[in-house]
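**Student:** A structural model of the following input is requested.
(2 chains)
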Amino acid sequence: MKLKNRLVTGLALVAGLIFLSPVLYSIWMSFETAQSYYTGQYEFTLDNYVRAVAEYNFARYLLNSIIVSGLVTLLGITVATMAAFAFARYQFRGGNLLFGATVATLMIPSHISLIPNYLTLAKAGLLDTYAGLILPAISNGFAAFFLRQYIKGIPKALDEAAYMDGATPLQVLWRVIVPIAKPAIFSMGLYIFITEWNNYIWPLVAVGKEDLYTLQIGLARLYRINPGEGLVDWPLVMAACTLSMLPVLLGFLLVERHLVRGITLGAIK
Amino acid sequence: MLRKLTPYLLVAPLMIFITVFTYIPVITSVNLSFRHWDFLSPTMPFVGLENYRLLLNSRDFWNSLQVTAIFALFSVPIRLALALAVASYLVRETLPSRLLRGALFLPSVTSTVSIAVVFSWVFATDYGMVNAALTSLGLAKVQWLQDPQLALWVLITVNTWKQLGYDIVIYIAGLQAVPQELYDAAAVDGGRRFHVFRRVTVPLVMPTTYFLLVISVIEAFQVFTIVNIMTRGGPAGATDMLVNLLYRVGFTLFDIGRGSALAVLLFIFLIVLALIKSFVIGRRVHYEA
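**Tutor:** The predicted structure follows:
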């Protein structure tokens, strides 16, 4: 029985490795020289990373991605939690209508906003700024909807006890609700962060200045402008690729469960 | 007074963002779709339904619709069938099953740009992974991304590879909701494995299947990144999916009117699908209650 279990674990590992082989091999490839890639004699080097950072500015893109995804997550989750708290705990005139408008955004495909948002930000002079990258991504109807359901499940007696002690609504939200809803907020935050980190079409449209490229845009450009003549410098491209996947890959290993939870909760409402 | 205002102040930021970046854009798009404009001219004359007429008479539009439909028609059933088969094996809470789930799920959180770049290498004609395997078997190289007959299938493959893990996770959640007694009963009745799968599992995860079906069709109509990186719509329009056409018309040809008309058509189509989705979720809730 034990042997059989080990065998099955082994097979599962092999199957997983085969499935992930394109990504795993591309990471492996990022550590060899272009020369060695084409001749087939593996030769370890860190040169591709050095070049990606020094010649192609990937440190800057990495920083931009962190700033943009970080702020979108922080602001998005704050805005969503506040609204969720109001929707869960207050009966107010127009409340149902506003909640309906929030949920309805889930049906509206983002591509219809592409041209208008471009125009809005152009008019506001915000193209080619961090604000232009961040602002359109902040509202997240799904996060608000999901957190409202979660907060509704928290016993109201807890709020009431706090109000008796003279707490203000914001204090109740911050001291009572947020600590209890932390797992849900964390899962949602993670989900928003990853979505934003991987966002491509909006930065592609909203940013022309190289200083503001996110990793995804930087990688796409590097792949396209490829320096080699005719042949792509795959090891260099894969180093850039690894840089753009790395944070999410590392995060994935640390918090896989939360992620899966966030996504399952996302689907089964 | 302040007490009464509290909920409004709490929802205000969300409402402002939703209004400015979601609701107003819908109206703007509709308005622009009736106008002729190129980003630069000071005027944007009203042209009625002209943009829609041009669009519906253009070969590009119908080609794009066809390409997108083929993409959806093949990628969605393949994904769902594969995902359900794999999920019904991985539903058990054992170590190998958890490892495999992790491996399969990983691509769905990895950036699509990176995946598209990696697969551009996998399917590259020279020095690509697949062709290297083919030549080592003594077979000829294939021009995967340059052949109009093949490029779309490559994209379908890549999309399936990326999304499969997500479908599996959702199916596993669905399968875990199926009461174990039903399987026990089937086992007592001496049901063979495939038989049980077909008669018990498949019908019971039907709500999950509907859900995944609708969201993957919605997704298929919004595929852009892998197209933009791997083929840019080519060769010869073979992979020119709807959002790629929208991007081309709006941001490379600067025909805002026609781009907006296309966005509005896409919007109407996706709204219909989204309504079907919420109808399905409504039914799902009844199933569980």
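
**Student:** so for the most centrally placed residue in chain A, what's the pLDDT?
**Tutor:** Computing the C-alpha centroid of chain A and ranking residues by CA atoms, centre = their mean puts A:Ile194 first, at 1.6 Å. pLDDT for A:Ile194: 90.

**Student:** ok, for A:Pro136, nearest residue in space, not its chain neighbours?
**Tutor:** B:Phe21 (4.6 Å; CB to CB, 6 or more residues apart in numbering or on different chains). Bear in mind the C-beta positions are built from the backbone N, C-alpha and C, glycine included.

**Student:** okay, now that neighbour: neighbour count?
**Tutor:** 21 (other CB atoms under 10 Å in any protein chain shown).

**Student:** so what pLDDT did it get?
**Tutor:** 95.

**Student:** am I right that B:Pro207 is in a helix?
**Tutor:** Yes - applying DSSP: H, G, I helix; E, B strand; the rest coil, one finds B:Pro207 inside a helix.

**Student:** what is the burial count for it?
**Tutor:** Neighbour tally, B:Pro207, other CB under 10 Å: 19.

**Student:** ok, it touching B:Gly174?
**Tutor:** Yes - contact criterion CB atoms under 8 Å: B:Pro207 and B:Gly174 qualify, at 7.3 Å.

**Student:** torsion angles phi and psi at A:Leu127?
**Tutor:** Main-chain dihedrals, A:Leu127, degrees, to the nearest 10: phi -70, psi 150.

**Student:** okay, and the nearest residue to B:Val20 once chain neighbours are set aside sits in which element?
**Tutor:** Nearest residue to B:Val20, sequence neighbours excluded (CB to CB, 6+ apart): A:Thr120, at 7.0 Å. Using DSSP states H and E, A:Thr120 sits in helix A:114-123.

**Student:** quick check: the residue of the stretch 151-289 of chain B nearest chain A.
**Tutor:** Residue of the stretch 151-289 of chain B nearest chain A, by CB to the nearest CB: B:Ala274 (3.6 Å).

**Student:** tell me the contacts of that residue?
**Tutor:** A:Leu106, A:Met107, B:Ile218 (CB atoms under 8 Å, 6 or more residues apart in numbering or on different chains).

**Student:** how much space separates it from B:Glu219?
**Tutor:** Note on B:Ala274: its distance to B:Glu219, by CB to CB, to the nearest Å, is 12 Å.

**Student:** same check, this time on A:Lys4
**Tutor:** 39 Å.

**Student:** for A:Val176, same thing?
**Tutor:** A:Val176 is 38 Å from B:Glu219, by CB to CB.

**Student:** please apply the same query to A:Trp197.
**Tutor:** With CB to CB as the criterion, A:Trp197 and B:Glu219 are 19 Å apart.

**Student:** more neighbours: which of the two?
**Tutor:** Neighbours per residue, other CB under 10 Å: of A:Trp197 and B:Glu219, the larger number sits with A:Trp197, 25 against 16.

**Student:** confirm for me that that one is in contact with A:Ser69.
**Tutor:** Yes - at 4.5 Å, A:Trp197 and A:Ser69 qualify as touching, with contact defined as CB under 8 Å.

**Student:** what's the next secondary structure element after the host helix or strand of B:Trp153?
**Tutor:** Assigned by DSSP H and E, B:Trp153 falls within helix B:151-176. Later in the chain than helix B:151-176, the nearest helix or strand by DSSP H and E is helix B:180-188.

**Student:** list the buried residues of that next one.
**Tutor:** B:Ala186 (16 or more other CB atoms under 10 Å in any protein chain shown).

**Student:** what segments of chain A are strands?
**Tutor:** With DSSP state E as the definition, chain A shows no strands.

**Student:** so where's it uncertain?
**Tutor:** A:1, A:227-230, A:259, A:261-269 (pLDDT under 70).

**Student:** 50 instead?
**Tutor:** A:269 (pLDDT under 50).

**Student:** need the longest helix for it.
**Tutor:** helix A:234-267 (DSSP state H).

**Student:** how deep is the nearest residue to the residue nearest to the centre of chain A once chain neighbours are set aside tucked in, by neighbour count?
**Tutor:** In this structure, A:Ile194 finds its nearest non-sequential neighbour in B:Val109, 5.4 Å apart by CB to CB, 6+ apart. As a burial measure, B:Val109 scores 24 neighbours (other CB under 10 Å).

**Student:** now do A:Pro235
**Tutor:** Neighbour number of A:Pro235 under other CB under 10 Å is 23.

**Student:** what helix or strand is B:Ser88 on?
**Tutor:** Per DSSP H and E: B:Ser88 is located in helix B:59-90.

**Student:** which elements pack onto that helix?
**Tutor:** helix B:95-109, helix B:151-176, helix B:206-220, helix B:242-247 (3 or more CB pairs under 8 Å, 6 or more residues apart in numbering or on different chains; DSSP states H and E).

**Student:** what's the third one packed up against?
**Tutor:** This means helix B:206-220. So helix B:206-220, by 3+ CB pairs under 8 Å, 6+ apart, packs with helix B:59-90, helix B:151-176, helix B:256-288.

**Student:** got the helices and strands packed on helix B:59-90 as a markdown table, with mean pLDDT columns?
**Tutor:** Shown next, in a markdown table, are those (pLDDT from 0 to 100):
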| stretch | mean pLDDT |
| --- | --- |
| helix B:95-109 | 88 |
| helix B:151-176 | 93 |
| helix B:206-220 | 89 |
| helix B:242-247 | 95 |
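
**Student:** can you say which of those is packed in most?
**Tutor:** Of all the helices and strands packed on helix B:59-90, helix B:242-247 carries the top mean neighbour count, a mean of 25, counting by mean count of other CB atoms under 10 Å in any protein chain shown.

**Student:** list the contacts of it.
**Tutor:** Contacts of helix B:242-247 (CB under 8 Å, 6+ apart): A:111, A:114, A:201, B:60-61, B:64-65, B:68, B:221-224, B:227-228, B:232-233, B:259, B:262-263, B:266.

**Student:** and if you look at stretch B:88-99?
**Tutor:** Counting by CB under 8 Å, 6+ apart, A:8-9, A:11-13, A:16, B:100-101, B:104, B:168, B:171-172, B:175-176, B:197, B:201 sit against stretch B:88-99.
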